[in-house]
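S.K.: Model the following, please.
(one chain, ligands or ions: 1)
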Amino acid sequence: MLRHWWQRLQARREDAAVARREIPADLWKRTLVRYPFLRRRSTTEAAELRRLTSLFLDRKEFSAMGGLRLTDAVVVSIAAQAVLPVLRLGLDRYDGFIGIVVHPGQVVARREVADDDGLVHAYDEVLAGEAMEGGPIMLSWQDVRAAGPMAAQGYNVVIHEFAHVLDMADGLADGVPPLPPDLCRNEWTTTLSRSFDVFVREVEAAEVAGTEPALDPYGASAEEEFFAVASEAFFVNPGMLSSAFPALYALLRRFYRQDPAQDTLWPREGR
Ligand SMILES: [Zn+2]
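M.R.: Numbers count the residues shown, from 1 in each chain. A predicted model of the protein is given here:
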């Protein structure tokens, strides 16, 4: 009884938030043209993506750097891509952070690493995005807006950073996000590690041969990066990921409860 009351209250609050942050039809249409991987065949799921985008805009705080203007097109582009991975998992997976900082382009971050002798070496890292536990999420607008054409290569900076958010929900950025009850940790780590090892060898071979590996070679830097890179391809070029890494594709399908290659969704996770 109390549970029903609470659910009704939540539903009313969500409806009010969606109304507050309603996305104009022409802007939504332009967003789907610019990022074709957001289009859903089922009208129910297309409506759910739009509803979650409004809710995301209501719950998160955007700020801009470097003179960038936060237009509706900017925030809707980011929000719509960010909610795609949680279409079946629920927006509460993103409750661990609020802020999103958008830069006009890529950002140079000064990094320091200590070697085995304790000597500290400084270097510059160029970032298109960054996710930190508790936030904020940093994104380069130049990279976000290029997501349409970049989908052919399986690249998507927004999905990459939000895959990290899902991964870090248990406090650890280790490539193992909180898993659904029907997916055990051992199965996850075994499949991810095997695919990662294959990919590391592919990247090494591609470097020698002067060719391009199937996925972003950055994914070979660590298993958590491989999870984020594979998630990008899963949503924006699923055919490529499923033929290059079928077992990993099947694993991600069970985690995200979507099958982008078939444009079908799985039942929601039971609670
Ligand atoms: Zn990353």
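
S.K.: Now the residue nearest the centre of the chain: phi and psi?
M.R.: For the chain, residue 159 is the residue whose C-alpha lies nearest the centre (CA atoms, centre = their mean; 2.2 Å). Backbone torsions for residue 159, taken as degrees, to the nearest 10, come to phi -60, psi -40.

S.K.: Now do it, the pLDDT please.
M.R.: pLDDT, residue 159: 98.

S.K.: Contact partners for it?
M.R.: Contacts for residue 159 (CB atoms under 8 Å, 6 or more residues apart in numbering) come out as 81, 82, 84, 85, 231, 232, 235, 236. Glycine gets a C-beta too; all of them are placed from N, C-alpha and C.

S.K.: ok, now with 7 Å
M.R.: Contact analysis of residue 159 by CB atoms under 7 Å, 6 or more residues apart in numbering lists 81, 84, 85, 231, 232, 235, 236.

S.K.: now, among the residues you listed, which is nearest to residue 219?
M.R.: residue 232 (8.8 Å; CB to CB).

S.K.: so where's the stretch 1-150 of the chain shaky on pLDDT?
M.R.: For the stretch 1-150 of the chain, applying pLDDT under 70 flags the ranges 1.

S.K.: And whichever residue of it sits closest to the ion, its phi and psi?
M.R.: Proximity of the stretch 1-150 of the chain to the ion (CB to the ion) peaks at residue 131, 7.1 Å away. Note on residue 131: its backbone torsions stand at phi -120, psi 130 [degrees, to the nearest 10].

S.K.: Show only the entries of the contacts of residue 159 found in strands.
M.R.: Assignment to strands by DSSP state E places none of those there.

S.K.: Mind putting those residues into a markdown table with distance to the ion and neighbour count?
M.R.: Putting those into a markdown table (distance: CB to the ion, whole Å; neighbours: other CB atoms under 10 Å) gives the following:
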| residue | distance to the ion | neighbour count |
| --- | --- | --- |
| 81 | 15 | 25 |
| 84 | 17 | 24 |
| 85 | 14 | 25 |
| 231 | 10 | 27 |
| 232 | 10 | 28 |
| 235 | 15 | 24 |
| 236 | 16 | 27 |
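
S.K.: got the contact list for residue 33?
M.R.: With CB under 7 Å, 6+ apart, residue 33 has no contacts at all.

S.K.: Wasn't it part of a helix?
M.R.: Yes - Residue 33: assigned to a helix according to DSSP: H, G, I helix; E, B strand; the rest coil.

S.K.: For the stretch 101-250 of the chain, which segments count as strands?
M.R.: 107-114, 120-127, 129-131, 137-140 (DSSP state E, counting those that start in this stretch).

S.K.: out of those, deepest packed?
M.R.: strand 137-140 (a mean of 24; mean count of other CB atoms under 10 Å).

S.K.: how far does it sit from the chain's center?
M.R.: On the basis of CA atoms, centre = their mean, to the nearest Å, strand 137-140 sits 12 Å off its chain's mean C-alpha point.

S.K.: Contacts for it, please.
M.R.: Here strand 137-140 has contacts from 78, 97, 100-103, 105-107, 127-131, 157-158, 161, 165, using CB under 7 Å, 6+ apart.

S.K.: For PyMOL, what selects the buried ones among the residues you listed?
M.R.: Of those, the buried ones go into a single PyMOL selection, burial set by 16 or more other CB atoms under 10 Å:
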select buried, resi 78+97+100+101+102+103+107+127+128+129+130+131+157+158+161+165
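
S.K.: Now do the closest residue to residue 247 other than its chain neighbours against the ion, distance only.
M.R.: Of all residues not flanking residue 247 in the chain, residue 191 sits nearest, at 5.4 Å (CB to CB, 6 or more residues apart in numbering). For residue 191, the distance to the ion equals 20 Å [CB to the ion, to the nearest Å].

S.K.: Contacts only, for residue 191.
M.R.: By CB under 7 Å, 6+ apart, the neighbours of residue 191 are 247, 248, 251.

S.K.: Looking at these, state which has the most neighbours.
M.R.: residue 248 (24 neighbours; other CB atoms under 10 Å).

S.K.: Contacts only, for the nearest residue to that residue once chain neighbours are set aside.
M.R.: Spatially, and ignoring its direct neighbours in sequence, residue 248 is nearest to residue 195 (4.2 Å; CB to CB, 6+ apart). If you count contacts by CB under 7 Å, 6+ apart, residue 195 has them with 245, 247, 248.
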